[in-house]
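Novice: would you be able to build a 3D model of this:
(2 chains)
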Amino acid sequence: MTDKPAPTASVLPFPAAAPSNGLSAARAAAEPALSARNLWKVFGVEANAFAIEDGTAMPAAEMARRGWVAAIRDASIDVMPGEVFVIMGLSGSGKSTMIRCLTKLIEPTAGKVMFHGRDLIAMPEKELTEIRRTRMGMVFQNFALLPNRTVLGNIALPLEIQGIDRARREAKAMEMIELVGLKGRENRFPRELSGGQQQRVGIARSLAVDPEIWFLDEPFSALDPLIRSDLQDELQRLQKALAKTIVFITHDLDEAIKIADRIAIMEGGSVVQVATPEELVTRPANDYVARFVAKVPRAKVTRVRSLMAPATGSILSPDPVRAEATITEIGPILVSGTGPLPVVDEGGRMVGTLDRQAALAVLGGRAGAA
Amino acid sequence: MALAETGRMGGMGWRVAPTQMALMAAVLALAASPVLAGMLPAALVDYPKQAVIGLAAFTGSWLTWLAREAAIGPLRIAEITRGLANVVEAPIALLNTLFAEGIQAGRGDQVRTVVPPLSWLAGIGLAALLAHMVGGRQAGPKLVALIVVGLLYIVLFGFWTDAMFTLTNVIISAVAAIALGIWIGTKAVTHPRIAAPVEGLMNVMQTVPVFSYLVPTLLFLGYGPSAALVATVIYALPPMVHATMLGLRGVPPEVVEFGRMAGASPRALFWKIRLPVALPQLAIGINQTIMACLNMVVIASMIGAGGLGFLVLTALRKLDIGGALQAGIAIVVLAVILDRLSLAAARLAASGTRIRSTGIPHGRLALGWFALASIAALLLPAFQSWPKELTLTTAPFWNGLVSWINIHWFEPLDAFRSFTLIHIMNPVKAYLLDLPWTLVIALVMLGGWMAGGARLGLTVGAMALFIAATGFWDPAVTSVYLVGLGTLLSLIIGLPFGYVVSRRQSWRDAASLVLDTLQTLPTLVYLLPAVMVFRNGDFSALVAIVSYAIAPAVRYSMHAFAGVPAERLELAAMVGASRWQTFKWVRLPAAFPTLLLGLNQTIMLAIAMLVITALVGTRDLGQQVFIALSRAKPGDGIIAGLCVAAIALIADMCLKAWARRAAARNGVEA
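Specialist: From the prediction side, this is the model:
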């Protein structure tokens, strides 16, 4: 990407060379898997004129006068390979339109959607179809299963559409059924399954083509809280094994914090902040985000890495903590001893020490930990 | 926003007073109409004859010209259409050969059957196997029993061959209507621009009386099965188109999005995703289309379709009520069988299962049974066609019953009939006929305006004006009188009954079963009992209309009162409302929008039946269409038919708009 556009004012720049953002430095430097640049979606009478007259600079009052409503206004995001990118917003914030523009299910009014450097919006239909067939998968809020097909028939359908022969597609579908834990139910019909099981089918179906990028549109919103939590765990388990690039839509902040590497907060069609969960809580971009995250316990989002001091030789402790763990996660260790704790990275090498008092202060909900 | 809100509030406040004033003026005008008629100039009371547009004559001569003279290049249209008729006739002839006639040789008295058609023994077995296949393990046995008993009635009473003629016509017209309906419906959904016109056209087609189609098709295709077939297909098309549009539009958008994300081509998206998901809805449409075909095939027997309908009509003409009733029962049997079979198939489609192997090789069994039954039929002709000597008949019984009724019950029945005619029906008719046409049109416009605003008012007013301008005012008013009285009676009987039945689930289920069966019966059948007891005339027509139109009155009343939100009833109980208070303030307002839709359906069925009652000598639009049919005046038939459609559409549009408004006030979508 040679023409890296300047980030818009409302969006925090990324990458900000911040090692605390949850991405390894190498990954942050890589090219985004998917990026949206100055995306607009305008609904209303003759909204086509928007692109011609370049409505991007139009004041809000003028747009209202013409009867135009911007579901997405000037949104730019970068989704890096292998990250879980959550788009979060309340209903009417434009997140649903956003994911549909990112997949070109809806044509954006203006702007670009680059997929590995190719513009999805401008590319020929045939190429787009090929990309959707083999490199994209999508999970829907209400599952979007075909009621006339069995679990097996549903999961094999994307492969059937590609023209793969029956034996091979059904073998692949069985593999997926096993992956999501529905073995033995392959001949059931969707209506014979619970909501959670139906969404497992949706997940299996979206993974059957082994996509690079995985879109999940409020996948757990229609489920009961307990099932929702189960499936969030399941998603994390799958992601650990599959390492897909994920774009995940939700209106549930807890869910976003639980699974996200980074979160984009949307309000009134604009992306108001893109940040890690921790940054979102500690450095909200504006009042809206601040009010939003006010109730989130800091311990839940604060990672050991951001509290630790550089390593000062060896510490005699049986309990090293991972740099990427949240303070909540290491809570039991914190309260079961005294003295500083050694911090290790993924490889088990020691990278710093953690002051137990500072961490406990965060756990206890007092702010001034830094 | 706030400004707009207050503006609207102000508008409503402004609107209430004129509405009430207009309503009062309307009531006054109706009450004082005899006086009013005396004061108005004659041209405003009776539509002047000189001002009638000769649309009927013009349409007639144009159609005749088109059918007889018009040519495209060297080819005359008549030749094309007759050629088309021959093409259409081929499959009918083929199926008739298979099911009814066999292959025959010789002429006149020397006719010999070379290869016999399907014997009744083979036919019943094959039908039973089909029933078992679509009925599955649960519903199968019952369905098989129903079919065997029903078909045995048809065989034993000597109706087998005629029933097969009817069935042949139903099969071919249904296949054509279903294919065409799905195609049109699909096009309408995928091309939003033609959706509205298609829906409008289908609504008109559904309300234009069946006889109207017959004359033009006769003109183009000539007397015979192909004309009947084309008319039937046109008649049966709307439910299939509606079901297709409803089904395809009902496919969840997410499912379509999934298909696009999976990279499905437009063709795959339709065949693999949209159509299968819409199939349950389509299957219901198929059921309705088959029943519509049967209804029309029975009526179309008067232009040469033959079959059971022909038997009923000839018996009616001979005033052989017993014979008509007996053949009528055979039609009922056929209707119930077709309905249950296609419903079972629809259920199978909705369940998404393929025919699960029940361990029974249906195909091989069918072949085996066919072979066995055919051999048996060759050896013993009674298995081929039931011998005439052994044919059962109940006609003497029915005729005896009719005479018995006439002998023992003549006086009270006739007194009842005369009283109703002299003191209710005739005065109403006279009053309506005396209403100035200008006043009626003004009132229609007022009704439309109050129900749905100025645009609706103008639309319905234009339709009423069409009736006056084409010179069908008096027959139209006669139609309104019969339909109006029929609807009123249906409501008086049907609404309270529905209310009572709505109280218990078990009662509702039982009533639904009866209503479902009643509504599958062809309209012609409803005439028979009425004529049997009350002979020809307006009163029989009224009885037939009420017996046909009462079904939706009961059904919607039942649904409306059963659908009152439980919370509201609990609230009424908690504040200690009396039964009457609960009914007045809670049940009725909640049920009202659905009741209006029920009223609409009742009117639609009353109109559908009205057209058929022309057969028993009424003097309304139906009769005009019917006369046009017998005199082969296609223009009169079409225009009178359009007038019937106009009456139906006026009622339909106003009531639906009103129901939408009432529902919006209730806080629910209609």
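Novice: what residues of stretch A:224-232 count as buried?
Specialist: Neighbour counts using 16 or more other CB atoms under 10 Å in any protein chain shown place A:I227, A:R228, A:L231, A:Q232 of stretch A:224-232 among the buried residues. For the C-beta atoms, the positions are set from N, CA and C on the backbone; glycine is no exception.
Novice: which other helices and strands contact the host helix or strand of B:G368?
Specialist: Assigned by DSSP states H and E, B:G368 belongs to helix B:362-379. When contacts are defined as 3 or more CB pairs under 8 Å, 6 or more residues apart in numbering or on different chains; DSSP states H and E, helix B:362-379 sits against helix B:120-156.
Novice: quick one: mean pLDDT for the helix it packs on?
Specialist: For helix B:120-156, the mean pLDDT works out to 81.
Novice: domain map for chain A?
Specialist: Domain segmentation of chain A under automatic domain parsing yields A:80-110+A:122-297, A:300-363.
Novice: pick the most buried one from these.
Specialist: domain A:80-110+A:122-297 (a mean of 19; mean count of other CB atoms under 10 Å in any protein chain shown).
Novice: wait, which of the buried residues of stretch A:224-232 is closest to A:A171?
Specialist: A:L231 (25.4 Å; CB to CB).
Novice: where exactly do the strands run in the chain?
Specialist: No chain in the question, so chain A it is. Applying DSSP state E to chain A gives strands spanning A:34-43, A:69-79, A:84-88, A:110-115, A:118-119, A:136-139, A:213-217, A:245-250, A:262-267, A:270-275, A:309-310, A:321-322, A:341-344, A:350-354.
Novice: I was thinking of chain B, sorry if that wasn't clear
Specialist: Along chain B, counting by DSSP E, strands occupy B:71-72, B:75-76, B:103-105, B:112-115.
Novice: which ones are touching the closest residue to B:M202 other than its chain neighbours?
Specialist: Closest residue in space to B:M202, ignoring its immediate chain neighbours: B:P238 at 4.1 Å, by CB to CB, 6 or more residues apart in numbering or on different chains. The contact partners of B:P238, by CB atoms under 8 Å, 6 or more residues apart in numbering or on different chains, come to B:G181, B:M202, B:N203, B:M205, B:Q206.
Novice: lowest-confidence entry in those residues?
Specialist: B:Q206 (76).
Novice: quick one: the closest residue to that residue other than its chain neighbours and B:A606, what's the gap?
Specialist: Distances taken as CB to CB, 6+ apart place B:P238 nearest to B:Q206, at 4.4 Å, with adjacent residues excluded. Look at B:P238 and B:A606: by CB to CB, to the nearest Å, they are 18 Å apart.
Novice: try A:S270
Specialist: Distance from A:S270 to B:A606, by CB to CB: 58 Å.
Novice: cool, A:L120 as well?
Specialist: 58 Å.
Novice: more neighbours: those two, which one.
Specialist: B:A606 (30 against 22; other CB atoms under 10 Å in any protein chain shown).
Novice: who's in contact with the more buried one?
Specialist: Taking CB under 8 Å, 6+ apart, one finds B:L482, B:V483, B:G486, B:T487, B:S490, B:I545, B:Y548, B:A549 in contact with B:A606.
Novice: tally of neighbours for the last one?
Specialist: Just to be clear, that refers to B:A549. 27.
Novice: I'd guessed it sits against B:L488; true?
Specialist: No. B:A549 is not in contact with B:L488 according to CB atoms under 8 Å; the separation is 10.3 Å.
Novice: show me what contacts the nearest residue to B:L151 once chain neighbours are set aside?
Specialist: Leaving out its chain neighbours, the residue that sits closest to B:L151 by CB to CB, 6+ apart is B:I124, at 4.7 Å. B:I124 makes contact with B:I147, B:V148, B:L151, B:L152, B:V155, according to CB under 8 Å, 6+ apart.
Novice: residues from chain A in reach of chain B?
Specialist: A:100, A:103, A:105, A:129-130, A:132-134, A:136-138, A:140-149, A:157-158, A:160-162, A:189, A:205, A:209, A:215 (CB under 8 Å from any CB of the partner chain).
Novice: return the subset of these lying in helices.
Specialist: A:R100, A:T129, A:E130, A:R132, A:R133, A:T134, A:L157, A:P158, A:E160, A:I161, A:R205 (DSSP state H).
Novice: how near is the fourth one to A:F140?
Specialist: Just to be clear, that refers to A:R132. Taken as CB to CB, the span from A:R132 to A:F140 is 14 Å.
Novice: who are the contact partners of the residue in chain B that chain A sits nearest to?
Specialist: Nearest residue of chain B to chain A, counting by CB to the nearest CB: B:G263, 3.3 Å away. Counting by CB under 8 Å, 6+ apart, B:G263 makes contact with A:T129, A:E130, A:R132, A:R133, A:T134, A:P158, A:I161, A:Q162.
Novice: with B:G247 instead?
Specialist: Taking CB under 8 Å, 6+ apart, we find B:G247 in contact with B:G185, B:A278, B:L279, B:P280, B:Q281, B:L282, B:G285.
Novice: B:T613 - nearest residue in space that isn't next to it in sequence?
Specialist: B:T613's closest residue in space is B:A541 (CB to CB, 6+ apart), at 3.7 Å.
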